[in-house]
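1. Just to be clear, the model below is a prediction. Sequence and coordinates:
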Amino acid sequence: MSKLSIAPIKNFFLDLLFPVRCLICLKSSPPTEGQEDYVCSSCLEKVKFKVEPECTFCSSRSLNGQTCPFCRQDHYLDFLWAAADYEEPIVKKALWAFKYRFIKDLQMPLANLLEDYLRRKKIDKLLENYHQQILLVPIPLHQRRFNWRSYNQSQLLAQSLAKKFNLKMENNVLLRLKHKTPQAELKDKRERTRNSKNIFACPRSDLVQGKVVILVDDISTTGSTLDEAARILKKSGAEKVIGLVVAKG
């Protein structure tokens with residue numbers, strides 16, 4: 001019997017012996033779309049989406065998450081679209097497990113959450129109408145960080161969204177040059193800003209010329225990482241840069 005025919009049988013018995021349970025309600029459920037359901041649809045529906053869009057940098061109310069006129073003078077990111085607040089319990093638990101418990105299959109429920117958010121905000125129509133001008137770019141990991149986790153969670157989210165909205169995704173537009181302390185480990189806003197300076201390069205500026213780039217990441221706290229990436233992308237010819245994240249801290 002070949003390995004290909006053995007694999008489904010092996011997975012069947014593993015599911016029987018060690019059923020995957022939702023991280024939130026701990027109920028087991030059958031896999032959907034070929035991936036394990038680590039956050040069931042019932043729990044996903046309970047997530048409260050971010051209601052009031054705000055400026056990334058000063059948190060003042062703004063139209064569709066646009067960077068306010070005052071902050072625009074010193075920053076490069078044009079918009080931030082954040083599906084939820086990081087303190088939303090379901091989102092916080094799922095994102096932590098996605099990054100630190102190495103549960104790669106959380107890609108699907110978190111991408112579904114982003115899709116639902118974009119459709120509720122009617123942003124899906126904009127993506128459909130201007131899909132040829134839009135480029136999805138995941139925030140890259142340094143190679144050392146990638147080796148530790150074995151995947152880039154932002155890349156997985158971007159890949160799912162590219163399929164859902166028929167958008168082009170490029171993984172080699174941005175390169176992370178320096179391995180620095182993860183932003184989550186820094187509490188001070190000024191430290192986070194300094195920590196994100198000059199960490200990116202754009203080796204493929206030809207791919208971003210005149211494009212609206214949507215930067216995909218899991219979490220944004222101060223916006224420093226997204227803003228530094230936006231600076232490099234605009235320097236390389238991008239027309240606009242929008243951040244898209246699961247949660248804003």
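-> Perfect, I can see it now. Just so you know, these numbers come straight off a predicted model, no measurement behind them.
2. quick one: low-confidence parts of this protein?
-> Applying pLDDT under 70 to the chain flags the ranges 1-19, 29-36, 180-189, 191-193, 195.
3. can we see that at 50?
-> Within the chain, the segments meeting pLDDT under 50 span 1-5, 7, 10-14, 16-18, 34.
4. Just give me the residue right at the centre of it.
-> Residue closest to the mean C-alpha point of the chain, counted by Cα atoms, centre = their mean, is residue 217 at 2.9 Å.
5. and the spatially closest residue to that one that is not a sequence neighbour, what does it touch?
-> If the residues on either side of it in the chain are set aside, residue 217 comes closest to residue 139, at 4.3 Å by Cβ to Cβ, 6 or more residues apart in numbering. Just so you know, the C-beta spots here come from the backbone N, C-alpha and C atoms, and that holds for glycine as well. Residues near residue 139 by Cβ atoms under 8 Å, 6 or more residues apart in numbering: 154, 174, 215, 216, 217, 225, 226, 229.
6. Show me which pair in the residues you listed is furthest apart.
-> Maximum pairwise distance among those (Cβ to Cβ): 12.0 Å, between 216 and 225.
7. Which of the two has more residues huddled nearby?
-> residue 216 (28 against 24; other Cβ atoms under 10 Å).
8. any idea how far the more buried one lies from residue 45?
-> 23 Å (Cβ to Cβ, to the nearest Å).
9. quick one, strands of the chain?
-> All strands of the chain, identified by DSSP state E, fall at 79-85, 134-138, 168-169, 175-176, 200-201, 212-220, 240-248.
10. ok and the last one relative to strand 79-85, angle-wise?
-> Just to be clear, that refers to strand 240-248. Interaxial angle, strand 240-248 versus strand 79-85 (axes from the mean of the first three to the mean of the last three Cα atoms, to 10 degrees): 10 degrees.
11. I'd like the distance from strand 240-248 to the chain centre, please.
-> 8 Å (Cα atoms, centre = their mean, to the nearest Å).
12. Direction included, what does it pair up with?
-> strand 79-85 (parallel), strand 212-220 (parallel) (DSSP bridges).
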